[in-house]
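Trainee: predicted structure and sequence below. I'll ask about it afterward.
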Amino acid sequence: MLRTRLNEALKEAMRAKNQRAVSTVRLILAALKDRDIAARSRGVMDGIDEAEMMSMLQSMIKQRGESIKMYEQGGRPELAEQEREEIAIIEGFLPKQMSEEETAAAIRTVIGEVGATSIKDMGKVMAELKTRHAGQMDFAKAGPVVKQQLSGG
């Protein structure tokens, strides 16, 4: 489904002559093709799944966020703005992000369901969260919450 949306978005951006959207969607499709090719070595012949695509999109957003900081420190606001525009386009392909409260509730649910009792179970909890909430949860922010809940804080 996401693959179809990406291809349709590319066609639409080309029709609208929106160069930023065309180049951003092409970047996404190129990254997707790279991941698909890499997945073949793991025996996945029909491309990566939706969860892996969501993770890829979140990584692309994170990379652009880091670039924005670097451009702003380097006095290049026009390049930082270009990165912000790309983030907005990429975010359009992700499901609605969970709020802090929703994230905390999902973490409590997963901790209960996997029977996590200590910080040693953090990997198990994070893996389950990534399976269930790929594209909806910021795992960089979820990690500390998981750690806090598992350590009884």
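Mentor: Everything's here; your move.

Trainee: three-state assignment of residue 32?
Mentor: Look at residue 32: counting by DSSP: H, G, I helix; E, B strand; the rest coil, its state is helix.

Trainee: that one and residue 25, how far apart?
Mentor: Distance, residue 32 to residue 25, using C-beta to C-beta, to the nearest Å: 10 Å. Quick note: C-beta positions are derived from backbone N, CA and C, even for glycine.

Trainee: need the residues touching each of the two.
Mentor: Residues touching both residue 32 and residue 25 (C-beta atoms under 8 Å, 6 or more residues apart in numbering): residue 6.

Trainee: so between these two, which is more surrounded?
Mentor: Neighbour tally, residue 32 and residue 25, criterion other C-beta atoms under 10 Å: the higher count belongs to residue 25, 26 against 19.

Trainee: which helix or strand contains the residue most central in space within the chain?
Mentor: The centroid of the chain falls nearest to residue 58 when counting by C-alpha atoms, centre = their mean (1.9 Å). Per DSSP states H and E: residue 58 is located in helix 50-73.

Trainee: quick one: mean pLDDT for that helix?
Mentor: Over the span of helix 50-73, the pLDDT mean works out to 92.
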